[in-house]
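1. next come a sequence and a model predicted from it.
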Amino acid sequence: MTAIAAEVGSEIPVLATMVTRETLVRYAGASGDFNPIHYSDFHATALGLPGVIGHGMLTMGLALRAVTDWVQDPARVRGAFVRFTRPIPVPDDAIGAELVITGTVTKIAAGIATVALDVRHGSEKVLGMATAEVDIS
């Protein structure tokens with residue numbers, strides 16, 4: 001593996017991605033998570049949600065994609081942590097919901113960089129305390 005140039009304060013490239021109802025269907029099929037709040041406005045609103053929401057694990061996976069795009073190898077990720085803080089409402093249209101993921105290296109020790117991730121839908125932060133530990137050696 002080639003070393004990744006990083007230091008505390010380095011920012012990873014911004015990843016902006018769209019989550020559509022089609023994305024949710026594909027993720028449900030891949031993950032086996034067919035909870036109706038991820039495809040049915042009827043069921044989602046019956047539970048007090050604003051409508052269909054994205055899967056939390058999909059959101060986490062997209063956040064980690066920003067990290068793996070940066071290091072060019074998913075095997076470099078040594079660990080990750082997130083707290084799901086807000087659901088992502090996904091409208092039934094051709095556009096969907098935009099997620100914007102940014103990250104900053106907050107610590108480097110023994111060739112492992114800790115990246116603090118900021119994941120937003122509009123102005124709302126949707127993941128709290130999101131971090132990834134990545135082998136940069």
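-> Thanks, I have it.
2. helix/strand/coil for Ile4?
-> Put simply, Ile4 is coil when judged by DSSP: H, G, I helix; E, B strand; the rest coil.
3. I'd assumed Asp69 was in contact with it.
-> No - between Ile4 and Asp69 there is no contact under CB atoms under 8 Å: 12.0 Å. Every C-beta, even on glycine, is put in place using the N, C-alpha and C of the backbone.
4. contacts for stretch 69-87?
-> 1, 4, 12-13, 15, 49-50, 53-54, 56, 59-60, 63-64, 67-68, 103, 112, 117, 121, 124-136 (CB atoms under 8 Å, 6 or more residues apart in numbering).
5. filter the residues you listed down to the buried ones.
-> Among those, the ones that count as buried by 16 or more other CB atoms under 10 Å are 4, 12, 15, 53-54, 56, 59-60, 63-64, 67-68, 103, 117, 121, 126-127, 130-136.
6. can you flag which of those belong to helices?
-> 56, 59-60, 63-64, 67-68 (DSSP state H).
7. among the residues you listed, which two are most distant?
-> Gly56 and Thr68 (18.6 Å; CB to CB).
8. Glu98: what's its closest spatial neighbour, skipping adjacent residues?
-> Met18 (5.6 Å; CB to CB, 6 or more residues apart in numbering).
9. and the most centrally placed residue in the chain, how close does it get to Thr23?
-> For the chain, the residue nearest the mean C-alpha position is Ala63 (2.6 Å; CA atoms, centre = their mean). Distance, Ala63 to Thr23, by CB to CB, to the nearest Å: 15 Å.
10. now the terminal residues of stretch 122-130, how far apart.
-> Chord length of stretch 122-130, first to last residue, is 17 Å (CA to CA, to the nearest Å).
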